[in-house]
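Q: test case, fold it:
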Amino acid sequence: MMSSSPPLRAGLQHFTETITVAALGGATLTVMGFPAGLISGSVLAVAVAALAGRPMVVPQLAARVAFVLIGILLGAVVTPETLKGMVDWPLSVAILIAAALSMMAATASYLRLVHGWDRLSALMGASPGSLAQVMTLSAEFGLDLRAIAIVQTMRVLVLAVGLPAGLGLFGFTAVPASSPAQAVPAGVGDLGELAVLTLASTAVALVMQRFRMPGGLLFGALAASGVLHGTGLIHALLPWWMADGAMITLGALAGSRFANTSPRILAGYLGVAFGSFAVAIAVATCFMLVVTSLLPFPVANVVVAFAPGAQDTMMVLALALHLDPVFVGAHHLARFVVVTFTIAFLARRASPKVVPKERIRRRGTIDD
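A: Modelled structure (predicted):
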């Protein structure tokens with residue numbers, strides 16, 4: 001028993017250091033006003049520390065708890081108001097769904113044909129939005145989190161910075177994106193509701209994991225939380241410290257996979273990130289032009305609603321730019337639902353063929 005104490009103590013020290021670095025990185029980007037700065041900043045900070053040789057470690061138990069909490073958070077975006085919005089704008093929502101599926105197909109094909117990614121990794125890299133969901137599934141399937149994190153994080157950062165600047169440049173909105181961190185209120189709600197939400201989501205998550213559903217912990221918690229919030233039975237949200245802790249832990253998990261990554265490999269991943277982003281935004285732009293030519297919606301609303309970014313990021317931008325948050329939220333909710341179930345279905349088909357320790361290999365490059 002005495003011999004096991006030093007490794008345990010060292011593991012706790014490494015985990016403490018990892019979470020501290022992740023929290024500082026997430027807090028820095030959040031204070032700077034980056035939407036989704038918490039998870040992007042934690043990925044970036046831990047990745048830099050891992051590249052510098054620091055032992056960045058996230059225990060499996062901590063990762064599993066974070067998966068469940070992320071599922072609860074994602075399910076909370078389903079509200080009666082956004083569900084009603086999906087019914088009020090059926091044509092644009094239908095076009096949005098077609099756009100999401102087309103973006104996934106085009107980007108996944110690009111990643112497979114041009115960069116030689118396997119099917120499941122290409123699917124995760126092509127998912128238009130929900131960085132937390134993608135990172136959770138990628139971790140569960142044992143995929144190369146370095147490549148997928150770079151592809152997904154670069155898309156979030158480019159959209160967060162480029163959309164407000166682009167809309168202002170073309171005169172579609174003149175409202176500066178100031179104080180985005182205050183745009184989305186946070187609350188806890190009744191403690192009884194919070195207990196019911198947590199217990200129900202955890203129970204469904206464990207059941208789905210027991211039946212070996214791909215991403216069972218995430219999707220189980222998401223399903224329970226989505227039903228409870230969408231029907232209006234539950235209004236409680238996770239406390240901010242719990243939600244932020246889950247995001248930071250997930251970012252730390254992704255960032256820790258950057259250990260032993262050479263500058264050459266990192267540069268190659270950045271090329272993949274910008275290439276896949278160009279494919280996704282080109283497809284999205286085609287569908288945006290269709291909607292703006294057929295329907296009388298403001299261009300800025302359509303651009304933010306159809307942008308291939310995470311729902312929370314796009315909602316922050318919509319509020320910061322004084323756009324219609326219900327319109328944007330309803331469309332991103334529709335995409336979120338479709339993409340979530342599409343990924344679950346396709347992952348189930350692809351996962352048996354994925355070797356857990358398999359790494360993504362770019363053509364002509366050996367990833368050691």
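
Q: all contacts plus neighbour counts: C-alpha atoms, from now on.
A: Will do.

Q: name the residues that touch the strand or helix carrying Val43?
A: Per DSSP states H and E: Val43 is located in helix 37-51. Residues outside helix 37-51 that contact it (CA atoms under 8 Å, 6 or more residues apart in numbering) are 18, 21-30, 56, 132, 149, 153, 244, 247-248, 250-261.

Q: excluding its backbone neighbours, what's nearest Leu206?
A: Once flanking residues are discounted, Leu206 sits nearest to Leu217: 6.2 Å by CA to CA, 6 or more residues apart in numbering.

Q: mind giving me the packing neighbours of the helix or strand where the one you found lies?
A: Secondary structure assigned from DSSP H and E places Leu217 in helix 216-230. Using 3 or more CA pairs under 8 Å, 6 or more residues apart in numbering; DSSP states H and E as the contact test, the elements touching helix 216-230 are helix 60-75, helix 80-88, helix 131-140, helix 191-210.

Q: list the buried residues in the first one.
A: Translated: helix 60-75. 63-75 (16 or more other CA atoms under 10 Å).

Q: what count of nearby residues applies to the residue nearest to Leu206?
A: By other CA atoms under 10 Å, the residues close to Leu217 number 31.

Q: quick one: distance of the helix holding Leu217 to the chain centre.
A: 16 Å (CA atoms, centre = their mean, to the nearest Å).

Q: and the closest residue to Pro128 other than its chain neighbours, what does it touch?
A: Excluding the flanking residues, the one nearest Pro128 by CA to CA, 6+ apart is Pro308, at 4.7 Å. By CA under 8 Å, 6+ apart, the residues touching Pro308 are Ala100, Pro128, Gly129, Ala280, Ile281, Ala284.

Q: model confidence for the fourth one, exactly?
A: The score at Ala280 is 91. That number is its pLDDT.

Q: my guess is it contacts Ala108, does it?
A: No: in this structure, Ala280 is not within contact of Ala108 by CA atoms under 8 Å, at 9.6 Å.

Q: overlap in contacts of the two?
A: Counting by CA under 8 Å, 6+ apart, nothing touches both Ala280 and Ala108.

Q: how much space between the residue nearest to Leu206 and Val134?
A: The span separating Leu217 from Val134 equals 13 Å under the rule CA to CA, to the nearest Å.

Q: now do Gly166
A: Gly166 is 27 Å from Val134, by CA to CA.

Q: more crowded one of those two?
A: The neighbour count for Gly166 versus Val134, taken as other CA under 10 Å, is higher for Val134 (25 against 14).

Q: thought that one was touching Ser127?
A: Yes: using CA under 8 Å, Val134 is in contact with Ser127, at 7.3 Å.

Q: give me every residue that touches Gly162.
A: No residues are in contact with Gly162 under the rule CA under 8 Å, 6+ apart.

Q: and the pLDDT at it?
A: Note for Gly162: predicted pLDDT of 70.

Q: tilt between whichever strand or helix holds Ala108 and helix 80-88?
A: Ala108 belongs to helix 90-115 when assigned by DSSP H and E. If you take axes from the mean of the first three to the mean of the last three CA atoms, to 10 degrees, helix 90-115 sits at 90 degrees to helix 80-88.

Q: identify the residues contacting the helix or strand just after helix 90-115?
A: Remark: after helix 90-115, the chain's next helix or strand is helix 119-126, criterion DSSP H and E. Identification of contacts with helix 119-126 by CA under 8 Å, 6+ apart yields 103-105, 107-109, 111-112, 134, 137-138, 143-144, 148, 151-152, 276, 343, 347, 350-351, 354, 360.

Q: low-scoring stretches of the stretch 1-150 of the chain, by residue?
A: The stretch 1-150 of the chain contains residues with pLDDT under 70 at 1-7, 34-36, 85-86, 129-133.

Q: how close does Arg112 get to Ala105?
A: In terms of CA to CA, Arg112 sits 11 Å off from Ala105.

Q: just the element for the nearest residue in space to Ala50 that is not next to it in sequence, please.
A: Leaving out its chain neighbours, the residue that sits closest to Ala50 by CA to CA, 6+ apart is Ala259, at 4.7 Å. Following DSSP H and E, one finds Ala259 outside all helices and strands.
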